[in-house]
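**Student:** Make a model of this:
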Amino acid sequence: MTSSRNSGIFYLVNRHVAWLVSVCCLAALFTPRAAGQERREPVQIEEAGVLRATGVDEVFDLAGSVRLSHGNTVLTSDRVRYDRLNGIVHLAGNVRMVRETSTFSAEAAVYYEQDQRAIGAGRVKLDDELDGVVLTGHRMVFTQEPHRAVATGKPAMTWQQGSSRINIEGFRLEYYFTESNTLLKALAEDSVVVVDEGEGVTIYCDHAEYYKATQNARFSGSPRMVRSLGSDEGEIEVTGNGMTYGFEDRTADVFDSVKVVKGTLEGICDTLRFDGEGLKIDLIGNPVIRSVHSEIAGDEIVLEMEDGKVTKALVTGNAKGTYAVEKTEGTDRSTIEGRSMIVDFDDEAVRTITANGNAVSNYNPSTLESGPSGHNVVRAKEIVIELDGGEPVKVNADGGVDGTYLTPEDDDGSR
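**Tutor:** Model (predicted):
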């Protein structure tokens, strides 16, 4: 080792420099501290290929497989500039910071002793081995208190959920840890896209919150969920003012001004639950479903799916269906009512309607070009109507059947 009294600079080409660093740090401990300056545990230099240090301002320049430690944190890099007086470490080239089960890597980073905070730039990645979560971005702030990582610059967060891969993107991602550095929750803001690859589910929104304990996410800011049903069957799209999604059971709850669309079939309601595993869609609160020629309403409607197609609707409470060959308005449309109703679909068009419990069918043949004016009213315990393009081709009534034909004069109360 050579030294210069004028420059105060030490040169060492050796991978084991701990003894030299200890001498420098020990001398620095006797340097008077500025008034109000808090004592902090300094970073320890454990290994470097080249070290250059000044005893005046306590700046260390290190290169070649540099390894530092600070409490439970280990930092490695190709090049390091350590400003000991200010407690700031600049790292460049293959930066890695390991803390508990989390590994933080970047092209360049700045580490602060005072709060154990690291700011990474370039291709930044945080790998949480315990939870299997990977957070990436072009810039990331990783703090100890609170246990949090904030990523910006095209950030993305991915993890494995069962057999499916989950990916979250947005303008800004926040990742919160517990005291043991395991995932607590994650927040995403602005132009958020959440993809459940195994389920074919993509959710778009302005704000998302994911909670590890419940494995649920909340979405706000015009959330829109798209479920792919395969190349042949298209997709289902659900929108509302609020939405939650369960990554464990693959269910989605949508609230306030809800709309669901599957091809030409459309539904609206106040609240919707989508069961991705059972392929059921439950519409609650003033639900209405519409196809090209028909409209179905009730207190609750459950849509059942099979092979990517809506096959059936179960309607309970004040069930009512309207239909016509064309989109006839108002009282000219034919209707069927009951306490409950089963609707069968064929390629998203209503094929049969089965009304049960005080069922009433009010058929208006005037909706057909050759049909007479008036209404054919049938009452029974159960009524089944088979439709083709909105036109009834077969009607069956069973149990206490009562039929009446009312002319327009009868509707006016005159004979």
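
**Student:** so which strand or helix has the residue most central in space within the chain?
**Tutor:** Residue closest to the mean C-alpha point of the chain, counted by CA atoms, centre = their mean, is Val194 at 4.1 Å. Using DSSP states H and E, the element containing Val194 is strand 183-196.

**Student:** re earlier: and the residue lying closest to the residue nearest to the centre of the chain once chain neighbours are set aside, what helix or strand is that in?
**Tutor:** Excluding the flanking residues, the one nearest Val194 by CB to CB, 6 or more residues apart in numbering is Ile203, at 4.3 Å. The way it works is simple: take the backbone N, C-alpha and C, and place the C-beta from them, glycine included. In this assignment (DSSP H and E), Ile203 forms part of strand 201-211.

**Student:** next SSE after that strand?
**Tutor:** By DSSP H and E, the next helix or strand past strand 201-211 is strand 216-220.

**Student:** which other helices and strands contact that following strand?
**Tutor:** Where contact means 3 or more CB pairs under 8 Å, 6 or more residues apart in numbering; DSSP states H and E, strand 216-220 is packed against strand 183-196, strand 201-211, strand 242-246.

**Student:** List the contacts of it.
**Tutor:** 192, 194, 203, 205-211, 241-247 (CB atoms under 8 Å, 6 or more residues apart in numbering).

**Student:** ok, back up a step: can I get the strand holding Val194 in PDB, CA atoms only?
**Tutor:** Provided in PDB are the C-alpha atoms of strand 183-196 (Å, rounded to 0.1, in the frame of the first residue of the first chain):
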ATOM      1  CA  LEU A 183     -46.800  -8.500   0.500                       C
ATOM      2  CA  LEU A 184     -49.600  -6.600   2.400                       C
ATOM      3  CA  LYS A 185     -51.300  -4.700  -0.400                       C
ATOM      4  CA  ALA A 186     -50.600  -3.100  -3.800                       C
ATOM      5  CA  LEU A 187     -52.100   0.100  -5.300                       C
ATOM      6  CA  ALA A 188     -52.200   1.000  -9.000                       C
ATOM      7  CA  GLU A 189     -53.200   4.400 -10.400                       C
ATOM      8  CA  ASP A 190     -54.000   5.900 -13.900                       C
ATOM      9  CA  SER A 191     -54.600   3.800 -17.000                       C
ATOM     10  CA  VAL A 192     -54.600   0.600 -14.900                       C
ATOM     11  CA  VAL A 193     -54.800  -2.800 -16.700                       C
ATOM     12  CA  VAL A 194     -55.200  -6.000 -14.700                       C
ATOM     13  CA  VAL A 195     -54.900  -9.400 -16.500                       C
ATOM     14  CA  ASP A 196     -55.800 -12.800 -15.100                       C
END
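
**Student:** what comes into contact with that strand?
**Tutor:** 128, 131, 133, 147, 157, 161, 164, 166-178, 201-213, 217, 219, 221, 245, 247, 250.

**Student:** Would you mind checking the average pLDDT for it?
**Tutor:** The average pLDDT within strand 183-196 is 90.

**Student:** do stretch 159-175 as well
**Tutor:** Model confidence over stretch 159-175, given as mean pLDDT, is 91.

**Student:** Check what contacts it and list those residues.
**Tutor:** So stretch 159-175 is contacted by 126, 131-135, 137, 148-152, 154-158, 183, 186-199, 208, 210, 215, 247-248 (CB under 8 Å, 6+ apart).

**Student:** roughly how far apart are the closest residue to Phe177 other than its chain neighbours and Gly93?
**Tutor:** Closest residue in space to Phe177, ignoring its immediate chain neighbours: His147 at 3.5 Å, by CB to CB, 6+ apart. From His147 across to Gly93, the span is 27 Å (CB to CB, to the nearest Å).

**Student:** Which one of these two is surrounded by more residues?
**Tutor:** In terms of neighbours (other CB atoms under 10 Å), His147 is the more surrounded of His147 and Gly93; the figures are 20 against 14.

**Student:** I'd say the more buried one and Asp128 touch.
**Tutor:** No - applying CB atoms under 8 Å as the test, His147 and Asp128 come out as separate, 11.1 Å apart.

**Student:** about what we covered before: between the strand holding Val194 and strand 216-220, how many degrees?
**Tutor:** 70 degrees (axes from the mean of the first three to the mean of the last three CA atoms, to 10 degrees).

**Student:** what comes up buried for strand 183-196?
**Tutor:** 183-189, 192, 194-196 (16 or more other CB atoms under 10 Å).

**Student:** What segments of this protein are helices?
**Tutor:** Assigned by DSSP state H, the helices in the chain fall at 18-29, 408-411.

**Student:** In terms of mean pLDDT, which of these ranks lowest?
**Tutor:** Mean pLDDT, when computed for each of those, is lowest for helix 18-29, at a mean of 39.

**Student:** Residues in a beta bridge with the residue nearest to the centre of the chain, which ones?
**Tutor:** Ile168, Ile203 (DSSP bridges).

**Student:** Tally up the residues packed near the residue lying closest to Gly198 once chain neighbours are set aside, please.
**Tutor:** In this structure, Gly198 finds its nearest non-sequential neighbour in Ser164, 2.6 Å apart by CB to CB, 6+ apart. By other CB under 10 Å, 16 other residues sit near Ser164.

**Student:** From His70, how far out is Ser164?
**Tutor:** For Ser164, the distance to His70 - CB to CB - is 38 Å.

**Student:** can you check Thr136 too?
**Tutor:** 24 Å.

**Student:** hang on, isn't Arg351 packed against Glu386?
**Tutor:** Yes - Arg351 is within contact range of Glu386, at 6.9 Å (criterion: CB under 8 Å).

**Student:** now stretch 116-134, how far from the chain's geometric center?
**Tutor:** 21 Å (CA atoms, centre = their mean, to the nearest Å).

**Student:** Which parts of it count as buried, going by neighbours?
**Tutor:** For stretch 116-134, by 16+ other CB under 10 Å, it's 116, 118-122, 124-128, 131, 133-134.

**Student:** do stretch 385-394 as well
**Tutor:** 385-387, 390-392.

**Student:** pLDDT below threshold where in the stretch 151-300 of the chain?
**Tutor:** For the stretch 151-300 of the chain, the stretches flagged by pLDDT under 70 are 178-183, 231.
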